[in-house]
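Student: using only what follows, build the 3D model:
(3 chains)
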Amino acid sequence: MSGYKASLLARECGGQLQGPDVELTGMAGLKEARPGQLSFLANPSYAEFLGTTQASCVIVPRSAAAEGRTLIISDNPYLSFAKALTFFYNAVKTRPLPGIHPTAVIDPSAKIDATATVGAYVVIEAGAAIGANTVVMPLCYIGQGTSIGEDCLIYPQVSIREGCRIGSRIIIHGGVVMGSDGFGYAKDGEKYFKIPQVGNVILEDDVEVGANTAIDRGALGPTIVRHGTKIDNLVQIAHNVHIGKDGVVAGQSGVAGSTFIGDRVVMGGQVGIIGHLKIGDDVTFGAQSGVLKSIPSKTVASGYPAKKHTEARRREASVALLPNYIKKINALEKRITELEKKLKDK
Amino acid sequence: MSGYKASLLARECGGQLQGPDVELTGMAGLKEARPGQLSFLANPSYAEFLGTTQASCVIVPRSAAAEGRTLIISDNPYLSFAKALTFFYNAVKTRPLPGIHPTAVIDPSAKIDATATVGAYVVIEAGAAIGANTVVMPLCYIGQGTSIGEDCLIYPQVSIREGCRIGSRIIIHGGVVMGSDGFGYAKDGEKYFKIPQVGNVILEDDVEVGANTAIDRGALGPTIVRHGTKIDNLVQIAHNVHIGKDGVVAGQSGVAGSTFIGDRVVMGGQVGIIGHLKIGDDVTFGAQSGVLKSIPSKTVASGYPAKKHTEARRREASVALLPNYIKKINALEKRITELEKKLKDK
Amino acid sequence: MSGYKASLLARECGGQLQGPDVELTGMAGLKEARPGQLSFLANPSYAEFLGTTQASCVIVPRSAAAEGRTLIISDNPYLSFAKALTFFYNAVKTRPLPGIHPTAVIDPSAKIDATATVGAYVVIEAGAAIGANTVVMPLCYIGQGTSIGEDCLIYPQVSIREGCRIGSRIIIHGGVVMGSDGFGYAKDGEKYFKIPQVGNVILEDDVEVGANTAIDRGALGPTIVRHGTKIDNLVQIAHNVHIGKDGVVAGQSGVAGSTFIGDRVVMGGQVGIIGHLKIGDDVTFGAQSGVLKSIPSKTVASGYPAKKHTEARRREASVALLPNYIKKINALEKRITELEKKLKDK
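Tutor: A predicted model of the protein is given here:
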């Protein structure tokens, strides 16, 4: 396989070449790399493998720069790794050709850009719009009046219901359901009376949504995910939720109705946030946090109910000591009783 | 846009008009409403917006009735809001025309009512039945012998396997998988031997099932969801579970095999209930409850392991105090040692 | 309905017939069984129903053998039940005929075995391979170069992306998404830069995957599920996870990136395991465990953060006592103060 010069890759990934220029044909982890491959050292705990790796070149932080081999020095080795891998990947990936598969069922009033790709058995309803260079893979459903911007990638079996607004450079993975009805009912005696969900879903540019995630439409008004936020698999976003920009929502987390989440909020896996809360900017939630109250900006929170992480850890440590402290309390009680007896005897 | 008289809407939503009749063209929240729109005050904490809303009419509880503007007085403003919104929504929504899309693949032995709608690329197997006015949207799969009642709405990409019984007026959202095999194996040394899952799923009338939820078929006999129960997105209902009538199961909750849940049980989000339990009627579970034991009727439970909510809160409060109490115990120990020394010295 | 001799079923299920041979037409639980049916007693707590069941024959453990009726004695009644049910089920189940539905869209370079079945509206991309006797049900998507072995059953609406390796005798339930991108980004200032996910998913033989589960492809290298492991519904398996052989992952559990799980690990429902951990062999996690640290082999763990189950129970018991101990501490403090006063007075 012909490859690329390390000097070219250094430029592409924002690093500096050190040592002799070499030809590189792909990337792998330090342990797995073979001669001719590029690797990376982003986590200092893997530094031991730097001596033994067979990689012909390694992206390293400045602190790990060493003589005698080809390195790419980077201030952000993990980002440089991501950029180098993107370079290799773009060189080989095959984007489907523009055009509409003959089996796609597309309403005549839908507007499909001439550079877009629409796969087999896709159904696109009236008034929908698909932007330039966007790829809609097989077996997707795009509802009435829904618009999808440019350079999006919609994987197979995604369903986006009517009236949603999907920005540009968005990736939606397989099995995602977007714009399903919010879970809203009014109590009517013992029965539940369905509240029509007449809002929609708005995804701003550069959002990514993981496999089998569900994002409900608003009851009145939209459910919104702002610029650049990344959502993992099997996440539940309820009606009228707002998630700010550049956030991260890890797998199986859920946000209940009307909760407002600020910018740059990071949620670990399986986090749950109840409805009608306000979460500030730059909040981080540990995995499995159960959030029952609004949380101010710049908080690191964890546990159930979620509280400041330092406080959660302090309680956790106390609980670990508790069985021994219960023994101690019982022992102290005996000593007090003994003292009381002695004092009485005197 | 032409609208509807407030007096008409008052009748439709079970309220009483007060003040001058006006023309209303739609609904919005108190803060968002523009002139010509109807709004509602269901939550007393929003009462402050009643003075400033631009809405031309507001549905209010009797306690908030005030002179000088058009109001609809209701004993249940949230229900009246739901009914008014349904009225507006029904007036504009476009139900797909009855008929079978030419691309649908339907076994000749399946019975599709003449008033039903079957969308593009739907697959319906032998012996299945679709009732009057039911809409099956594109890309759904209906298995052999499965019956769906009247006035149901099956959103795109739903899969219902063989032999299931779906009642009437049921809504199933996108990506739902119903009738998948229950998770049952017999241990055979270190291996697992699959137990055929030969039961089915029964949904009674007026059930709603949220996006990407999974309801497994019974091993022997059915998995059952009774009349009127509402199930949210990404919920897991295992084999042979019974959920009583008029219940609510919020997003990402899961119920393990053979657990029996009574009527009017409400589960918050991300609740987990292990298998083979009996949950009584009118039980409420807080979000993220982990239910490891059967729970009697009329209990409000929360926490892990789930216990009475009052008890869970009491323990929670104790744990919050624990770090300070541990300091106190250590201080008390010193005082006791001091006392013991003094008493010895005397 | 014609049936099968109890003597034949005893042989099929690895048991011994006792009492007169009878004709059996199907299986049911002890309470539900009617004359002519076979039932089973696997759980001793159901022994009371042995006297009243209408079943014509019951599979029982040796300890429950009793005179006067037809029984099948088995050392592993639950396994014998599973085998007998499989025998009945195989006798009636209808496997779709081999062949490719005319609506399937299959790239000419894909290899479909002549004995395989491909359903309506299946899309199979270039270079994919489907093995002997494998059934791909309607509306599935099989990506470029993905191979599926022999005797597999792929239920409707499954999506398997490019380059995955699916073994033989594998069952994949509806709505599963396999090979979706792992959730990997490099921080670039406040933005996230997507790391291409160029690995794949490998499922070894005899794996089963439940409805709407998501298994991401590796970033570099594979995500692996070893021989015989059973995965339930709505489970999230992140990139580069390894799950050993003969494991069990119950519903809604999630495993974060690069975590290595050994053989015969059992995870209850809604378990979460964070990334980059090492879980040994023969580990069992209770439902809703939150696993934040690596766990050695042969551990039974539960709770959040997950710890040895005995330790978790001990802490749980202590916390239950805590409100009373807090009262006791306050009472002891008063007694100490009293003692101090008395001693001073002396």
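Student: near chain B, which residues of the stretch 101-250 of chain A show up?
Tutor: Applying CB under 8 Å from any CB of the partner chain, we find that the stretch 101-250 of chain A lies next to chain B at A:105, A:121, A:123, A:139, A:141, A:157, A:159, A:161, A:175, A:177, A:180-181, A:183, A:185-188, A:190-196, A:198, A:212-214, A:216, A:220-221, A:234, A:236, A:238. All C-beta spots, glycine's among them, are computed from the backbone N, C-alpha and C.
Student: go again with 7 Å.
Tutor: Proximity of the stretch 101-250 of chain A to chain B (CB under 7 Å from any CB of the partner chain) is limited to residues A:105, A:121, A:123, A:139, A:141, A:157, A:159, A:175, A:177, A:180-181, A:183, A:185-188, A:190-193, A:195-196, A:198, A:212, A:214, A:216, A:220-221, A:234, A:236, A:238.
Student: briefly note if stretch A:6-13 comes near chain C.
Tutor: No: judged by CB under 7 Å from any CB, stretch A:6-13 makes no contact with chain C; its nearest approach is 10.4 Å.
Student: quick one: the helices in the stretch 51-200 of chain A?
Tutor: Taking DSSP state H, counting those that start in this stretch, the helices of the stretch 51-200 of chain A run over residues A:77-92.
Student: could you do the stretch 201-346 of chain A as well?
Tutor: Using DSSP H, counting those that start in this stretch, helices in the stretch 201-346 of chain A cover A:309-345.
Student: need the residues of it near chain C, please.
Tutor: Residues of the stretch 201-346 of chain A lying near chain C (CB under 7 Å from any CB): A:210-212, A:228, A:230, A:232-234, A:246, A:250-252, A:264, A:269-270, A:287-288, A:319-320, A:322-323, A:326, A:329, A:332-333, A:336, A:339-340, A:343.
Student: now which of these would you call buried?
Tutor: Buried members of these, counted by 16 or more other CB atoms under 10 Å in any protein chain shown: A:210-212, A:228, A:230, A:232-234, A:246, A:250-252, A:264, A:269-270, A:287-288, A:319, A:322-323, A:326, A:329, A:332-333, A:336, A:339, A:343.
Student: so which bits of stretch A:61-71 are buried?
Tutor: A:61, A:69-71.
Student: and which of those is nearest to chain C?
Tutor: Using CB to the nearest CB, A:Pro61 is the member of those that sits closest to chain C, with 13.4 Å.
Student: now the buried members of the residues of the stretch 101-250 of chain A next to chain B.
Tutor: Judged by 16+ other CB under 10 Å, buried ones among these: A:105, A:121, A:123, A:139, A:141, A:157, A:159, A:175, A:177, A:180-181, A:183, A:185-186, A:192-193, A:195-196, A:198, A:212, A:214, A:216, A:220-221, A:234, A:236, A:238.
Student: in strands, which of those appear?
Tutor: Among these, DSSP state E puts A:105, A:123, A:141, A:159, A:177, A:180, A:185-186, A:192-193, A:214, A:216, A:236 in strands.
Student: greatest separation within the residues you listed: which pair is it?
Tutor: Comparing every pair within these by CB to CB identifies A:Val105 and A:Ala186 as the most remote, at 36.7 Å.
Student: ok, which residues in the stretch 51-200 of chain A are in contact with chain C?
Tutor: With the criterion set to CB under 7 Å from any CB, the stretch 51-200 of chain A comes near chain C through A:78-79, A:82, A:85-86, A:89, A:103, A:120-121, A:138-139, A:155-157, A:173-175.
Student: make it 6 Å
Tutor: By the rule CB under 6 Å from any CB of the partner chain, the part of the stretch 51-200 of chain A lying against chain C is A:78-79, A:82, A:85-86, A:89, A:120-121, A:138-139, A:156-157, A:173-175.
Student: lowest-confidence member of those residues, which is it?
Tutor: Scanning these for pLDDT, the smallest score is found at A:Tyr89, 91.
Student: could you find the closest non-adjacent residue to that one?
Tutor: Distances taken as CB to CB, 6 or more residues apart in numbering or on different chains put C:Pro196 closest to A:Tyr89, at 4.0 Å, once the chain neighbours are dropped.
Student: what residues does stretch A:268-275 touch?
Tutor: Contact partners of stretch A:268-275, identified using CB atoms under 6 Å, 6 or more residues apart in numbering or on different chains, comprise A:250-259, A:285-292, B:269-270, B:287-288, C:254, C:256, C:272.
Student: can we see that at 8 Å?
Tutor: Under the criterion CB atoms under 8 Å, 6 or more residues apart in numbering or on different chains, residues A:232, A:238, A:249-259, A:261, A:267, A:279, A:285-292, B:252, B:268-270, B:287-288, C:236, C:254, C:256, C:270, C:272, C:274, C:290 lie in contact with stretch A:268-275.
Student: tell me the domain boundaries of chain A?
Tutor: A:4-92, A:99-308, A:316-346 (automatic domain parsing).
Student: among those domains, which is nearest C:Phe49?
Tutor: C:Phe49 lies closest, by CB to CB, to one member of those: domain A:99-308, at 34.4 Å.
Student: gap between the two ends of that closest one?
Tutor: Domain A:99-308 has an end-to-end distance of 52 Å (CA to CA, to the nearest Å).
Student: look up how far C:Gly163 lies from the closest residue to A:Ala66 other than its chain neighbours.
Tutor: Residue nearest to A:Ala66 in three dimensions, not counting chain neighbours: A:Leu50, with 7.6 Å by CB to CB, 6+ apart. Using CB to CB, to the nearest Å, we find A:Leu50 at a distance of 30 Å from C:Gly163.
Student: what residues does stretch A:312-319 touch?
Tutor: The contact list for stretch A:312-319, computed with CB under 8 Å, 6+ apart, reads A:286, A:301-303, A:306-307, B:319-320, B:322-323, B:326, C:305, C:315, C:318-319.
Student: 7 Å instead?
Tutor: Contact with stretch A:312-319 is made by A:302-303, B:319-320, B:322-323, B:326, C:315, C:319, as judged by CB atoms under 7 Å, 6 or more residues apart in numbering or on different chains.
Student: follow-up on the earlier one: quick one: least confident of the buried residues of stretch A:61-71?
Tutor: The lowest pLDDT within the buried residues of stretch A:61-71 belongs to A:Arg69, with 89.
Student: tell me the spatial nearest neighbour of it, not counting adjacent residues.
Tutor: The shortest distance from A:Arg69 to any non-neighbouring residue, by CB to CB, 6+ apart, is to A:Gly19 (5.6 Å).
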